[in-house]
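Colleague: Mind folding the following:
(2 chains)
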Protein chains: 2
Amino acid sequence: MHPRFSYDLKYCSISRALDVVGEKWTLLLIREALYGVRRFDDFARALNCGRAVLSARLKMLTDEGVLEGREYAVPGQRKRVEYHLTEKGRELFLAVQALSQWSERWMPPPEGPVARVIDRQSGRPVTVVMTSDPGVQRLTMNDIDILPGPGAKLLPQTEKKSGAVKGVRKVREE
Amino acid sequence: MHPRFSYDLKYCSISRALDVVGEKWTLLLIREALYGVRRFDDFARALNCGRAVLSARLKMLTDEGVLEGREYAVPGQRKRVEYHLTEKGRELFLAVQALSQWSERWMPPPEGPVARVIDRQSGRPVTVVMTSDPGVQRLTMNDIDILPGPGAKLLPQTEKKSGAVKGVRKVREE
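Modeller: You can find the predicted model right below:
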């Protein structure tokens, strides 16, 4: 018997992470939140999914403490909820960035990466690494900027507008 | 309009990674491969899933170059195929480990992590970090050992046996 079967993996940390973020939709929703999307209608448009499904996913991630709801009011309308990443949610960026880095290396996009991540202070590119150096420099989402990469393309309807957006997203403290 | 919608994300690296590994089953299958599971029957048992579903997943990951099939023969039986992680597949460890680290921090298992990852050379614990230090020490799967952690539990049937397995898995070069 393979030694893997000797162990009880009920509390396996990989499995427990996947219980929360282990399907494509959830990680794409988190990607949108990392890009700064906050509102229900924006999530629905970005993910192109039904409202009931989106509601269930936002609720699950809120229950798990990955997102938190904050009320906001548009004048003349009823109060609504925006979804913000919590610290727990923001720390998922490391895993999302590791996946992104992997696909850029092994399935390079034809015109280069759509986004590039830099250290806000030094301007140097950011990478995810595995290390045992106890003194390693550790960056968090608050230390970085996500900028358009060489493969970034504005969609046609926005190219016509003046004052095109400069950054895919400038990450700021919540 | 939120600036996120100005951009064409068809080649978004996160999305392209998720096309290959973006659902729970796929990442769990890769976890098993990282633990050293190679054979169809072992994957089926580990993942507790139907053979047709497993076949389709193994084929997808083989087509994507994450796994490669290698023939092996048990005396007196027909040739079979073992599934080994390719270099592309082994590099997914970084993302899997980032997810694992996240869940250990935010959803700590009651008796500590099931597995711990150490630098084989120094014996120091391994972490996944985001950094812009160009001289950072970068470990690969070939530099590490995965050992049972404080929360590791042998399953009852194997506890009775003598000569219990010492390591969940000692990672070795393929």
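
Colleague: ok, how many other residues are close to A:Ile14?
Modeller: Using other C-beta atoms under 10 Å in any protein chain shown, A:Ile14 is surrounded by 24 other residues. Heads up, the C-betas are built off the backbone N, CA and C, glycines and all.

Colleague: so is it in a helix, a strand, or just coil?
Modeller: Secondary structure assignment for A:Ile14 (DSSP: H, G, I helix; E, B strand; the rest coil): helix.

Colleague: my guess is it meets B:Ile30, correct?
Modeller: No: using C-beta atoms under 8 Å, A:Ile14 makes no contact with B:Ile30, being 9.1 Å away.

Colleague: Need the overlap of contacts for those two.
Modeller: B:Val96 (C-beta atoms under 8 Å, 6 or more residues apart in numbering or on different chains).

Colleague: Tell me who's in contact with the closest residue to A:Thr86 other than its chain neighbours.
Modeller: Leaving out its chain neighbours, the residue that sits closest to A:Thr86 by C-beta to C-beta, 6 or more residues apart in numbering or on different chains is A:Glu68, at 5.2 Å. Applying C-beta under 8 Å, 6+ apart to A:Glu68 gives the contacts A:62, A:83-84, A:86.

Colleague: State the distance from A:Glu68 to chain B.
Modeller: 14 Å (C-beta to the nearest C-beta, to the nearest Å).

Colleague: How about A:Arg4?
Modeller: 5 Å.

Colleague: centroid residue for chain A?
Modeller: Nearest to the geometric centre of chain A sits A:Arg31, at 2.8 Å (C-alpha atoms, centre = their mean).

Colleague: Quick check: buried residues in the helix or strand hosting that residue?
Modeller: Using DSSP states H and E, A:Arg31 sits in helix A:24-34. Across helix A:24-34, burial judged by 16 or more other C-beta atoms under 10 Å in any protein chain shown covers A:24-34.

Colleague: average model confidence for it?
Modeller: The average pLDDT within helix A:24-34 is 88.

Colleague: Which parts of chain A belong to which domain?
Modeller: A:11-88, A:92-174 (automatic domain parsing).

Colleague: Please tell me I have it right and A:Trp25 contacts A:Asn48.
Modeller: No: in this structure A:Trp25 lies outside contact range of A:Asn48 using C-beta under 8 Å: 10.7 Å.

Colleague: hmm, back to that, pretty sure the residue nearest to the centre of chain A contacts A:Val96?
Modeller: Yes: using C-beta under 8 Å, A:Arg31 makes contact with A:Val96 at a distance of 6.3 Å.

Colleague: Contact partners for the spatially closest residue to A:Ala152 that is not a sequence neighbour?
Modeller: With sequence-adjacent residues excluded and distances taken as C-beta to C-beta, 6+ apart, A:Ala152 is closest to A:Val114, at 5.3 Å. Residues near A:Val114 by C-beta under 8 Å, 6+ apart: A:148-149, A:151-153, A:168, B:7, B:9, B:11-13.
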